[in-house]
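# Sequence and predicted structure, then a few things I'm wondering about:
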Amino acid sequence: MTSHHAAFLADFVSMSSHGATQGGGVDRQAATVADGQNRNWFRGLVEGHGFGVHYDVVGNQYSMLELTPGAPWIAVGSHLDSQPLGGRFDGAYGVLAGAHAAKRVQEKLAAAGEESSAKFNIVVINWFNEEGCRFKPSMMGSSVYTGKLSAAQVLETTDPHGVSVREALESIGTIGDFELPVSAYVEIHIEQGRSLEDRGLAIGLVESTWGANKYEFVVHGDQAHTGATIIADRQDALLGASALVVAAREIALEHSTDQHMVITSCGEFNVFPNSPVVVASRVNLLVDVRSTDPDVLAAADAALHARVAEIEKMANVRIERGAEHVWGAKAYDQAGLKLAAEAADTLGLSHGVVRTLAGHDSTNMKDLVPTIMLFVPSVEGISHNERELTSDNDMVAGVDLLTEVLLRVVRGEFVA
Ligand code: HGY
Ligand code: MN
Ligand code: MN
């Protein structure tokens with residue numbers, strides 16, 4: 001354990017106190033007071049180390065460390081926002097690791113007499129609302145940065161209480177008009193799965209994303225008395241929505257193959273009016289279908305929509321498909337995988353190639369600039385849960401690797 005490691009772990013403990021929950025997790029949903037508190041803490045931390053901090057039009061936070069005046073910028077980052085009752089590692093680890101790695105790169109260059117000779121400067125980006133819980137969809141800030149969502153559309157998006165993104169960001173004072181093109185992107189993140197732990201590896205080199213189709217469905221029924229209304233007269237939205245949840249699970253089981261797993265889920269389910277003696281008139285639910293293979297995903301998606309038509313008849317309801325958020329199974333840069341593997345070998349860190357089932361801001365950034373995505377192990381693969389855990393040793397090994405990767409990138413070994 002070096003002094004760099006101790007400093008990182010001390011900062012991680014401080015960061016994890018913001019929005020801390022009873023069970024050892026955090027609740028720092030996008031642009032809440034806790035998110036704002038953490039953003040301001042992070043700003044103070046990095047400004048104390050010579051970074052300059054700015055915000056763009058949708059609250060993405062840029063912490064800039066100039067190595068060579070006038071040089072172009074490399075981005076390293078992740079997200080500080082969390083799920084409700086989420087883990088303290090998801091996203092936040094990568095943002096703090098990026099800041100520490102950038103600082104260590106500056107020290108290494110100075111020690112090697114390479115001050116002002118780096119081909120690139122480093123900006124640490126904390127992306128707004130990666131989690132997509134308070135405001136949908138997820139990966140919102142990086143979607144605007146990569147042109148997949150318009151800033152105007154995002155700023156008008158409201159949470160369940162009718163508060164807009166603009167109002168929320170203004171209330172925590174982290175919105176601006178800053179703009180910065182970058183030449184490449186690097187992200188380190190917890191795996192949120194078991195494969196590194198099962199394989200006994202310290203580092204995951206992410207070769208591609210899974211494909212994911214996320215749909216908001218609205219099941220429309222008609223309000224009625226649960227006691228007095230005979231079954232034949234009902235248009236029960238809750239029955240229809242529940243059948244859709246069960247159908248999604250059945251499709252995962254039916255469409256998974258030995259080569260390609262299908263994962264489906266429903267994480268959000270809002271019943272209206274949600275009263276014990278009232279047949280529900282409406283249910284809003286979010287259904288998620290993912291797979292590694294585009295054809296397998298397409299078949300599962302078609303099956304889901306076929307079941308929607310059947311359920312409409314069975315429950316005598318109308319099922320409307322609302323917003324969607326879709327990304328394809330797509331590879332990260334091979335050159336980045338090679339550079340990261342060489343960096344891990346230099347440090348004697350065990351590593352292996354993995355695919356990411358979860359979406360990340362790098363899912364967007366890899367479609368804009370050359371991108372490297374790295375994982376550190378999650379204990380028992382647990383995430384989006386207060387029991388989410390990555391060991392201190394694995395965390396600091398990841399910061400060591402991120403430092404080595406960034407050093408090679410700013411020296412021009414990834415992008416020219
Ligand atoms: O995977 C997800 O959907 C989330 O954005 N991480
Ligand atoms: Mn994340
Ligand atoms: Mn997450």
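In hand now; what should we look at? Ligands and ions are numbered 1, 2, ... in the order given.
# Tell me the residues of the chain that contact ligand 1?
132, 138-139, 358-359 (C-beta under 6 Å from any ligand atom). From N, CA and C alone the C-beta is placed, and that goes for glycine too.
# out of the residues you listed, who has the most neighbours?
Met139 (27 neighbours; other C-beta atoms under 10 Å).
# what does stretch 110-120 rub up against?
67-69, 71-74, 105, 109, 183-184, 409-412, 415-416 (C-beta atoms under 8 Å, 6 or more residues apart in numbering).
# Now that we have those residues, which of them are buried?
67-68, 71, 73-74, 105, 109, 183-184, 409-411, 415 (16 or more other C-beta atoms under 10 Å).
# Which ones among those residues map onto helices?
Cross-referencing these against helices under DSSP state H gives 105, 109, 409-410.
# just to revisit the earlier point, dump the buried ones among the contacts of stretch 110-120 to CSV, plus pLDDT.
Conversion of the buried ones among the contacts of stretch 110-120 to CSV gives the following (pLDDT from 0 to 100):
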residue, pLDDT
Leu67, 98
Thr68, 97
Ala71, 98
Trp73, 98
Ile74, 98
Val105, 98
Leu109, 98
Ser183, 98
Ala184, 98
Val409, 98
Val410, 98
Arg411, 98
Val415, 97
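# Ligand 2 next: which of those residues are close?
The subset of the buried ones among the contacts of stretch 110-120 within reach of ligand 2, by C-beta under 5 Å from the ion, is empty.
# any idea which of the residues you listed is closest to ligand 1?
Ala184 (21.6 Å; C-beta to the nearest ligand atom).
# Confirm that Cys266 sits in a helix.
No: counting by DSSP: H, G, I helix; E, B strand; the rest coil, Cys266 falls outside a helix, being strand.
# Not counting sequence-adjacent ones, nearest residue to it?
Val245 (4.6 Å; C-beta to C-beta, 6 or more residues apart in numbering).
# ok, and for the longest helix anywhere in the chain, which residues are buried?
Assignment by DSSP H gives helix 294-315 as the longest helix of the chain. For helix 294-315, the buried set under the neighbour-count rule, 16+ other C-beta under 10 Å, comprises 296-297, 299-301, 303-304, 307-308, 311-312, 315.
# and the residue of the stretch 101-250 of the chain nearest ligand 1?
Closest point on the stretch 101-250 of the chain to ligand 1, by C-beta to the nearest ligand atom, is Ser138, at 3.4 Å.
# In three-state terms, label the residue lying closest to Asp56 once chain neighbours are set aside for me.
In this structure, Asp56 finds its nearest non-sequential neighbour in Phe178, 4.8 Å apart by C-beta to C-beta, 6+ apart. Following three-state DSSP, Phe178 is assigned to coil.
# Tell me which strands the helix or strand following the longest helix of the chain pairs with, and in which orientation.
Using DSSP states H and E, the helix or strand that follows helix 294-315 towards the C-terminus is strand 318-327. Strands that pair with strand 318-327, judged by DSSP bridges, come out as strand 211-220 (antiparallel).
# can I see the domain layout of this protein?
Domain segmentation of the chain under automatic domain parsing yields 3-209+330-410, 211-327.
# Among those, show me which one is buried the most.
Highest mean neighbour count among these (mean count of other C-beta atoms under 10 Å): domain 3-209+330-410, with a mean of 20.
# okay, how far is it across it, tip to tip?
With C-alpha to C-alpha, to the nearest Å applied, domain 3-209+330-410 spans 24 Å between its terminal residues.
# gap between that domain and the chain center?
From the chain centre to the centre of domain 3-209+330-410 is a distance of 9 Å (C-alpha atoms, centre = their mean, to the nearest Å).
# can you put the buried residues of helix 294-315 in CSV and add pLDDT and distance to Asp392?
Converted to CSV, the buried residues of helix 294-315 look like this (pLDDT from 0 to 100; distance: C-beta to C-beta, whole Å):
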residue, pLDDT, distance to Asp392
Val296, 97, 38
Leu297, 97, 37
Ala299, 98, 43
Ala300, 98, 39
Asp301, 98, 41
Ala303, 98, 44
Leu304, 98, 42
Arg307, 98, 46
Val308, 98, 47
Ile311, 98, 48
Glu312, 98, 52
Ala315, 98, 51
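# Quick check: the two most widely separated of those?
Val296 and Ala315 (28.2 Å; C-beta to C-beta).
# which helices and strands sit right next to the longest helix of the chain?
strand 211-220, helix 237-255, strand 262-272, strand 282-291, strand 318-327 (3 or more C-beta pairs under 8 Å, 6 or more residues apart in numbering; DSSP states H and E).
# May I see those organised as CSV, with distance to Val53 and mean pLDDT added?
What follows is the helices and strands packed on helix 294-315, written out as CSV (distance: least, C-beta to C-beta, whole Å; pLDDT from 0 to 100):
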stretch, distance to Val53, mean pLDDT
strand 211-220, 32, 97
helix 237-255, 42, 98
strand 262-272, 33, 97
strand 282-291, 33, 98
strand 318-327, 29, 96
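# Export these to CSV and append columns for distance to Val154.
What follows is the helices and strands packed on helix 294-315, written out as CSV (distance: least, C-beta to C-beta, whole Å):
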stretch, distance to Val154
strand 211-220, 16
helix 237-255, 27
strand 262-272, 19
strand 282-291, 18
strand 318-327, 13
